[in-house]
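Visitor: got a structure for you, letters missing:
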């Protein structure tokens, strides 16, 4: 923990083994974020057009009625309640509870590790506070978004889209900045000698 109370910008001077471990975690995070975007697009559509159907249940497109038989056969008149036969059910409460339970235990750990790495970067204190708070708020909001979507409220799409976009941006910044600083060449004026690094 002593690294967190020292001057900022310590990532590049970490031992090679530490940088490798942190970099592997960061790379898997980037892959995970890419798969999250892919999964989200597959579930609710890239434009959130399937959000209501996935979480709250929505009437499915019904085939157009066939024209009356040209030979004079009868045209069937169906009652209005027949329209609900093509509706999809809301996401089961049990499934939503299981998904939320999993994310409540995994996402805070992810956020904790990324935040610690970002705290070692050269970013200023205000920037660190902003991105860590944005990451925290957006992760919490995106875990709540499926519950809002399941309720079928009009603001579900906005809550889901805004929280997901802000979470992606925040987690990308918390990941890419430390990754860049660990492997980008140090400016010539900031290259520390091995003895100086060892004395720290």
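Guide: Noted; the coordinates are in hand. Note that the structure is predicted; figures quoted are calculated from it, not measured.

Visitor: got the buried residues for stretch 129-141?
Guide: 131, 132, 134, 135, 136, 138, 139, 140, 141 (16 or more other C-beta atoms under 10 Å). C-beta: built from backbone N, CA, C; applies to glycine.

Visitor: what is the neighbour count of residue 179?
Guide: 21 (other C-beta atoms under 10 Å).

Visitor: hang on, it packs against residue 24?
Guide: No - checked against C-beta atoms under 8 Å, the pair residue 179 and residue 24 is beyond contact range at 10.4 Å.

Visitor: now the buried residues of stretch 129-141 in JSON lines, with distance to residue 107?
Guide: Output for those, formatted as JSON lines (distance: C-beta to C-beta, whole Å):
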{"residue": "131", "distance to residue 107": "16"}
{"residue": "132", "distance to residue 107": "14"}
{"residue": "134", "distance to residue 107": "14"}
{"residue": "135", "distance to residue 107": "10"}
{"residue": "136", "distance to residue 107": "10"}
{"residue": "138", "distance to residue 107": "10"}
{"residue": "139", "distance to residue 107": "5"}
{"residue": "140", "distance to residue 107": "9"}
{"residue": "141", "distance to residue 107": "11"}
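
Visitor: excluding chain neighbours, what is closest to residue 139?
Guide: residue 107 (5.2 Å; C-beta to C-beta, 6 or more residues apart in numbering).

Visitor: what about the one you found, distance to residue 56?
Guide: Using C-beta to C-beta, to the nearest Å, residue 107 is found at 23 Å from residue 56.

Visitor: cool, and residue 131?
Guide: 33 Å.

Visitor: can you pull the buried residues of whichever strand or helix holds the residue nearest to residue 139?
Guide: Per DSSP states H and E: residue 107 is located in helix 93-119. Buried positions in helix 93-119, judged by neighbour count with 16+ other C-beta under 10 Å: 96, 107, 110, 111, 113, 114, 115, 116, 117, 118, 119.
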